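Engineer: Fold the stuff below for me.
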Amino acid sequence: MVNYLKVASANDLEGRDRFLYRALEIAPAFLAWGTLFILTLFSWLQPVWVAYFIIAFDVYWLLLVLFLSLHLVAAYRKMKQNLKINEEAECKKLKNWGNIFHLIILPVYKEGREIIEASLRAIVNSGYPAEKIIVALTVEERAGSEQIEMCRRIKEEYAGKFRHFLFTAHPDGIKGELKGKGANQTWAARAVKREYLDNSGLDENNIIASVFDIDTVVFKNYFYRLTHVFLTVENPRLASYQPIPVYHNNLWEAPFFSRISATSNTFWQMMQQIRQEKLATYSSHSMSWKALVDIDFWSTNMVSEDSRIFWHCYCHYSGNYRVEPLYYPVSMDICMDKTNWQTMKNLYKQQKRWGWGVENIPYLIFNIIKSWKRMPKRKAFGRVFIQLYGFHSWATNALIIAVVGWLPLILGGSDFSGTVLSGNLPFITRALMTIAMAGLILSAVISTLLLPKQPPKYSMLKIISMPVQWIFLPIIIIIFGSIPALEAQTRLALGGKWRLGFWVTPKQRW
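Structural biologist: You can find the predicted model right below:
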């Protein structure tokens, strides 16, 4: 019998189920390309209609920018307030805080020693009692013997700094597994359960499991903050816990286009924390060990394991699962390589992999259908709409503003070019987009406020140039936003050899 909650693609199914899932895989690209095609076609056949649509869309975009700006400011203020709170003192006011243990899984591929050790030092220095922290460092066997041996030495150096430190090497070529992070994490989690937790006497209900990308550097008191939220929310074991990723590890060294792209992602995650109904797990996050065991850990045959784990839990618990925002940061690496050209290529690949999260749309809809009687209908419809809207907007909005908005003038012919609307369309669009620039200015201001301490080797000119570089955002969100998202959706629709495999973003620090 097929376990629908472990399905990664239509290829895992047969008959009508396979046909339905395949149709759902095609749907996001069909909607995105359909939108762009219809707007292009009507720019030729009915340019007046499209002109009015563009004006309405620009007004919508302006209102959206203002709306999201308010959320960004609110999230920024909450995060800054939390950083000022003595989280250790607040946590220790709770009489049962000492019962909580933290398991941290750190999957490694070919990352350097300095990156791995930076993450481990941050955990050691976080302030949470070492005897309540369990670490699992898990390296891919295919990374080679030198990498395995380096990780083994790191484990020996840090083993005495935690309650327990497990090191594993995830075997390559296991049947049914995708070469990706999910399989590595699951291998480590099962090893921890089998070799330590099952015989430790610890209550699995009191263990919080965090899976961190290996470049994740936690802030001081992070685990106190996580523990405090876990113990003060309703039904804590039916929730994941999401920090805000800030890309500070190599921020000063990264090229401007990569830095702006990463900071834009930080802002998006901050805004999502305010809108909890839209929040899903992303990258480094935490959850109850009990929930993780209940669903038999991460899927081992898919790319977007960080978000899929949430949707897996959401469907497993029939919609009674959520993400709790922490309003607390963790620091990560900006995509960077030895040359700007290679950085551009890597950044595009990274964004395309993130865009591959669209594979969760067919998964979510399919499993809602399969558990229709148990699902809360209104909430389920809301979740589906939010996901469809989000990925469709990601792929199309910037292109509609930058490209489609001018098509009526190009394709509309002499009949349209002679109208008053044709003459006013560029003026109206420019005026609305100029007002919307307030959001860009706000982004530049907050990004400057978020800057970590300036290294001595950089001059004041570097700080001054950083907010100015935000003028390139409109170009960046097309090249490293809409286009890779549209490609990911297209690849999902085509299926077969076009499906995306897992790609590990190279880590580079100077």
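
Engineer: Who are the packing partners of the helix ranked longest in the chain?
Structural biologist: Longest helix in the chain by number of residues (criterion: DSSP state H): helix 47-84. Under the contact criterion of 3 or more C-beta pairs under 8 Å, 6 or more residues apart in numbering; DSSP states H and E, helix 47-84 touches helix 15-45, helix 256-274, strand 322-331, helix 377-402, helix 407-411, helix 413-417, helix 420-449. All C-beta atoms are positioned from the backbone trio N, CA, C, and that covers glycine.

Engineer: hmm, who's touching the third one?
Structural biologist: It refers to strand 322-331. The contact list for strand 322-331, computed with C-beta atoms under 8 Å, 6 or more residues apart in numbering, reads 75, 78-79, 81-83, 212, 216-219, 222, 225-226, 229, 233, 236, 238-249, 272-274, 276, 279-281, 284-285, 310, 452.

Engineer: Pull out the buried members of those residues.
Structural biologist: 75, 78-79, 82, 212, 216-219, 222, 225-226, 229, 236, 238-249, 272-274, 279-281, 284-285, 310 (16 or more other C-beta atoms under 10 Å).

Engineer: Mind checking which of these are in strands?
Structural biologist: Val217, Val218, Ala239, Ser240, Tyr241, Gln242, Pro243, Ile244, Pro245, Val246, His285 (DSSP state E).

Engineer: Most widely separated two among those?
Structural biologist: Val217 and Ala239 (24.0 Å; C-beta to C-beta).

Engineer: how close does Ser307 get to Leu440?
Structural biologist: 27 Å (C-beta to C-beta, to the nearest Å).

Engineer: For my notes, please list the helices and strands packed on helix 47-84 in TSV and give distance to Glu177 and mean pLDDT for each entry.
Structural biologist: Formatted as TSV, the helices and strands packed on helix 47-84 follow (distance: least, C-beta to C-beta, whole Å; pLDDT from 0 to 100):
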stretch	distance to Glu177	mean pLDDT
helix 15-45	20	96
helix 256-274	28	93
strand 322-331	26	97
helix 377-402	26	93
helix 407-411	46	89
helix 413-417	56	81
helix 420-449	39	82
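
Engineer: how about the ones you listed in JSON lines, adding distance to Met466?
Structural biologist: Compiled in JSON lines, these are given as follows (distance: least, C-beta to C-beta, whole Å):
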{"stretch": "helix 15-45", "distance to Met466": "33"}
{"stretch": "helix 256-274", "distance to Met466": "8"}
{"stretch": "strand 322-331", "distance to Met466": "17"}
{"stretch": "helix 377-402", "distance to Met466": "22"}
{"stretch": "helix 407-411", "distance to Met466": "35"}
{"stretch": "helix 413-417", "distance to Met466": "42"}
{"stretch": "helix 420-449", "distance to Met466": "6"}
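
Engineer: Quick one: closest of these to Ser69.
Structural biologist: Nearest of the helices and strands packed on helix 47-84 (C-beta to C-beta): helix 420-449, 5.0 Å.

Engineer: which residues are in contact with whichever helix or strand comes after that closest one?
Structural biologist: Moving toward the C-terminus from helix 420-449, the next helix or strand (DSSP states H and E) is helix 460-468. Helix 460-468 is contacted by residues Trp252, Phe256, Arg259, Ala444, Val445, Ser447, Thr448, Leu451, Gln454 when judged by C-beta under 8 Å, 6+ apart.

Engineer: Just want the angle from helix 460-468 to helix 420-449.
Structural biologist: For helix 460-468 against helix 420-449, the angle by axes from the mean of the first three to the mean of the last three C-alpha atoms, to 10 degrees is 140 degrees.

Engineer: between helix 460-468 and helix 256-274, how many degrees?
Structural biologist: Using the same axes, to 10 degrees: helix 460-468 against helix 256-274 is 60 degrees.

Engineer: Which strands or helices does the next helix or strand after helix 460-468 pack on?
Structural biologist: Following helix 460-468 in sequence order, the next helix or strand is helix 473-477 (DSSP H and E). Secondary-structure packing of helix 473-477 (3+ C-beta pairs under 8 Å, 6+ apart): helix 256-274, helix 377-402.
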